[in-house]
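Enquirer: have a look at this fold, sequence not included:
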């Protein structure tokens, strides 16, 4: 054990101690962009372990990290079952292909830009799970995510039923074509550049709903969006009755044919090919805010000259 301590100090410049047969480093061990290739077994780091952009190919057995583990841009292909990290694990841009079953990550888990194709059973991530630009095609049914779930630019094709995302769901630029039953998203849903054509009736979204550049053709009502609703560049022709949006409604480059009954928009409506600065005049915003639109007003929103006339009339009547 003393030989290991001396080697650790000589090669890395850090002093470790021994306690109950374990090597202990009392603080943050910052080894990023060093020539480190391996670490000793039975090592405890009392702070963060930073292995960013090193040549290390595997983690030691019985490694414990009391804060974060940064292993981005390393050559690690899997992590040992005995690994304990008490906060976040960052493995982005590595050749990682496998995670142990029943893994619990108390912070974030970053697997972005990796070749991993499957997540383990009973994976629990207490903060955000970052899977963007991976080859993941589906998620385990018993996955638990405490904050954001980022699958953008991945190969995801399906989500499990009854999935709850406690933060934002990011599915932009993926091949997914439908959402599962009983999907609950506490934050925003970003579905842009997907082939989704409709949303499940029991979908729950807590904040913004971004559907621009999708194949969405219908929405079911009554629908309440507690934020922004972006339907720009979609083939949608009708909106549901009793639609309530607390933020803005973007209908740019759509083919909407009729204003629904009891439409309420809390911010502004964008229906222009190119928005003029007049759109942001406080008078026109006041006109649009919390307004229930009738057919004539809706047609005016489709016609820039008519909208400018409304703006002029509003200013005249001040």
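Expert: The structure has been received and is ready for your questions. If you're wondering where the values come from, they're calculated on a predicted model, not measured in any experiment.
Enquirer: alpha carbons only for contacts and neighbour counts from here, please
Expert: Noted.
Enquirer: quick check: residue 179 vs residue 150, distance?
Expert: Note on residue 179: its distance to residue 150, by C-alpha to C-alpha, to the nearest Å, is 15 Å.
Enquirer: which of these two has more neighbours?
Expert: Set residue 179 next to residue 150 and count neighbours by other C-alpha atoms under 10 Å: residue 150 wins out with 22 against 18.
Enquirer: residue 172 and residue 138: what is the separation?
Expert: From residue 172 to residue 138 the distance is 15 Å (C-alpha to C-alpha).
Enquirer: more neighbours, these two?
Expert: Each of residue 172 and residue 138 has its neighbours counted (other C-alpha under 10 Å); residue 172 has more, 24 against 16.
Enquirer: isn't the more buried one right up against residue 156?
Expert: No: using C-alpha atoms under 8 Å, residue 172 makes no contact with residue 156, being 10.4 Å away.
Enquirer: show me where the stretch 151-300 of the chain dips below the pLDDT cut-off.
Expert: Low-confidence segments of the stretch 151-300 of the chain (pLDDT under 70): 271-300.
Enquirer: go on, the stretch 1-150 of the chain?
Expert: Applying pLDDT under 70 to the stretch 1-150 of the chain flags residues 1-5, 7-12.
Enquirer: can you pull out the helices in it?
Expert: 2-12 (DSSP state H, counting those that start in this stretch).
Enquirer: strands along the stretch 201-318 of the chain, start to end?
Expert: With strands called from DSSP state E, counting those that start in this stretch, the stretch 201-318 of the chain shows them at 204-205, 209-210, 224-225, 229-230, 244-245, 249-250, 264-265, 269-270, 291-292.
Enquirer: list the neighbouring strands of the first one plus their orientation.
Expert: Just to be clear, that refers to strand 204-205. Partners of strand 204-205 in the sheet, by DSSP bridges, are strand 184-185 (parallel).
Enquirer: who does the very next helix or strand once past the strand it pairs with touch, helix- and strand-wise?
Expert: Next helix or strand after strand 184-185 toward the C-terminus (DSSP states H and E): strand 189-190. The contact analysis (3 or more C-alpha pairs under 8 Å, 6 or more residues apart in numbering; DSSP states H and E) places strand 189-190 against strand 169-170, strand 209-210.
Enquirer: straight-line length of stretch 135-155, end to end?
Expert: By C-alpha to C-alpha, one end of stretch 135-155 lies 5 Å from the other end.
Enquirer: residues of it that come out buried?
Expert: Using 16 or more other C-alpha atoms under 10 Å as the test for burial, stretch 135-155 gives 135-139, 143-155.
Enquirer: can you check stretch 228-246 too?
Expert: Those would be 228-236, 238-246, for stretch 228-246 by 16+ other C-alpha under 10 Å.
Enquirer: ok so, going back, mind putting the helices and strands packed on strand 189-190 into CSV with mean neighbour count and distance to residue 32?
Expert: Rendered in CSV, the data for those read as follows (neighbours: other C-alpha atoms under 10 Å; distance: least, C-alpha to C-alpha, whole Å):
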stretch, mean neighbour count, distance to residue 32
strand 169-170, 23, 30
strand 209-210, 22, 38
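Enquirer: looking at these, which is closest to residue 51?
Expert: strand 169-170 (27.9 Å; C-alpha to C-alpha).
Enquirer: strand partners (parallel or antiparallel) of the closest one?
Expert: Within its sheet, and counting by DSSP bridges, strand 169-170 is paired with strand 149-150 (parallel), strand 189-190 (parallel).
Enquirer: show me what contacts residue 236?
Expert: With contact set as C-alpha atoms under 8 Å, 6 or more residues apart in numbering, residue 236 has these partners: 216-218, 254-256.
Enquirer: rerun that using 10 Å as the cut-off
Expert: The contact partners of residue 236, taken as C-alpha atoms under 10 Å, 6 or more residues apart in numbering, are 197-198, 214-219, 251, 253-257.
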